[in-house]
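Student: need the 3D shape of this:
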Amino acid sequence: MPRYTAHAIQFSYHKKHKHHAPALDLRALPGDSADFLDIACEAWACVANRDEQKHRSFSTLPAQRQGRVALLKGRVGHYGTPAQVRDVTTGEIRLEHDGELANEPEVRLVLAVPATDPCSSAYMVVEEVREGSLKAPYIQALRKIWNAKYHEFTLNIDNVVESEAWLATAQMAQMTVTYHDQQADLADHGVPKVAGTVQSVLKLKGGALFPRRTYELVKENRKLAGRLVGRSETDEQPDSVSVKMVGQDGKEKTFAIDNERTPMARWVFSDWGTPTLTDEQHIRKSLDQIRDLMHREGLEWDTQWERS
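Tutor: Here you go, the predicted model:
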């Protein structure tokens with residue numbers, strides 16, 4: 001199975017052109033007192049089916065609402081490159097196309113609009129695969145509706161970063177290093193050349209934690225992760241690296257280490273070769289992250305909000 005990562009974004013709004021304007025109540029939008037949850041689901045139904053400039057395709061299913069939570073499911077893919085479709089088991093070419101077909105894996109968004117009084121922030125967890133996510137086309141649709149209805153107010157959409165305080169004291173318990181398209185040639189033994197994925201998991205004996213410096217070095221240079229699992233200095237850098245961190249509060253969080261080393265927190269929801277989360281598992285994991293984000297702001301997520 002592919003790797004699914006996730007990150008969070010936060011919504012708020014305020015009066016335009018007003019210095020230090022306070023965040024207003026998302027449960028009572030200006031004018032019609034509409035609920036942001038309604039507007040957000042309305043925007044989901046308006047997501048475009050393609051981005052012709054970037055050759056990306058999108059499709060969506062109807063929003064599934066439960067209380068103050070909405071599950072938004074869809075698919076994302078790329079098109080525009082002539083290709084062939086091959087059965088990797090038999091090697092047989094099943095189809096050739098001119099680039100108008102797209103491989104579209106399923107991805108999900110989970111939106112939570114707390115029933116606090118007032119509700120100054122809403123949260124969304126964005127699931128992503130190698131092909132991308134539905135975040136960009138969704139935000140484009142949401143902004144179009146927002147600007148048409150509430151042009152005197154600014155909608156803020158911010159990426160959420162992991163708590164610097166939590167990361168500053170957390171230590172690495174495990175590192176997973178993945179290389180794709182690895183060649184194996186046993187022709188001398190009557191076995192044809194094959195290509196596959198090699199995944200190495202590094203952890204210390206007895207559940208010991210790595211020195212903090214190990215995590216910092218790997219974050220700065222992913223190629224060092226390969227060295228730690230036995231790769232040579234001349235090998236390419238890994239296709240992906242994830243680390244399991246343990247905080248002083250005892251919580252474990254798994255993060256993807258990107259090429260861009262973005263400060264945005266990217267959690268690994270399911271890694272290469274592991275089963276994809278069910279919708280119920282995905283919602284639960286997303287709400288766990290949202291609960292942590294709210295706790296940082298001195299707020300608490302109430303499980304009653306998950307019920308209709």
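Student: pLDDT score for the closest residue in space to Y79 that isn't next to it in sequence?
Tutor: The spatial neighbour of Y79 that comes closest, neighbours along the chain excluded (Cβ to Cβ, 6 or more residues apart in numbering), is A102 at 4.1 Å. (C-beta placed from N, C-alpha, C; glycine too.) Among the per-residue scores, A102 shows a pLDDT of 86.
Student: against H78, how distant is A102?
Tutor: The span separating A102 from H78 equals 6 Å under the rule Cβ to Cβ, to the nearest Å.
Student: low-confidence regions, the stretch 51-200 of the chain specifically.
Tutor: Residues of the stretch 51-200 of the chain that meet the criterion pLDDT under 70 lie in 163-165, 181-182, 184-195.
Student: who does the longest helix seen in the chain touch, helix- and strand-wise?
Tutor: Counting residues, the longest helix in the chain under DSSP state H turns out to be helix 279-296. Judged by 3 or more Cβ pairs under 8 Å, 6 or more residues apart in numbering; DSSP states H and E, helix 279-296 is in contact with strand 4-15, strand 69-78, strand 106-112, strand 122-128, strand 267-270.
Student: could you check the angle it makes with strand 106-112?
Tutor: The directions of helix 279-296 and strand 106-112 differ by 40 degrees, with axes from the mean of the first three to the mean of the last three Cα atoms, to 10 degrees as the criterion.
Student: got the contact list for E300?
Tutor: With contacts taken as Cβ atoms under 8 Å, 6 or more residues apart in numbering, E300 has the following neighbours: R291, M294.
Student: and M245, what is it in contact with?
Tutor: With Cβ under 8 Å, 6+ apart as the criterion, the residues that contact M245 are L167, A170, Q171, M172, A173, Y215, E252, K253, T254, F255.
Student: which parts of the protein belong to which domain?
Tutor: For the chain, whose domains are defined here by automatic domain parsing, the residue ranges read 4-160+301-306, 165-263.
Student: among those domains, which is the most enclosed?
Tutor: With neighbours taken as mean count of other Cβ atoms under 10 Å, these reach their highest mean count in domain 4-160+301-306, at a mean of 16.
Student: hmm, back to that, in TSV: the helices and strands packed on helix 279-296, plus distance to H282.
Tutor: Rendered in TSV, the data for those read as follows (distance: least, Cβ to Cβ, whole Å):
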stretch	distance to H282
strand 4-15	9
strand 69-78	8
strand 106-112	6
strand 122-128	7
strand 267-270	7
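Student: quick one: which of those is nearest V201?
Tutor: Among those, the nearest to V201 by Cβ to Cβ is strand 267-270 (12.7 Å).
Student: dump that closest one to CSV, restricted to CA.
Tutor: Only the C-alpha atoms of strand 267-270 are listed here, as CSV (Å, rounded to 0.1, in the frame of the first residue of the first chain):
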residue,chain,number,x,y,z
TRP,A,267,2.1,13.1,10.3
VAL,A,268,2.5,9.6,8.8
PHE,A,269,-1.0,8.0,9.0
SER,A,270,0.0,4.8,7.2
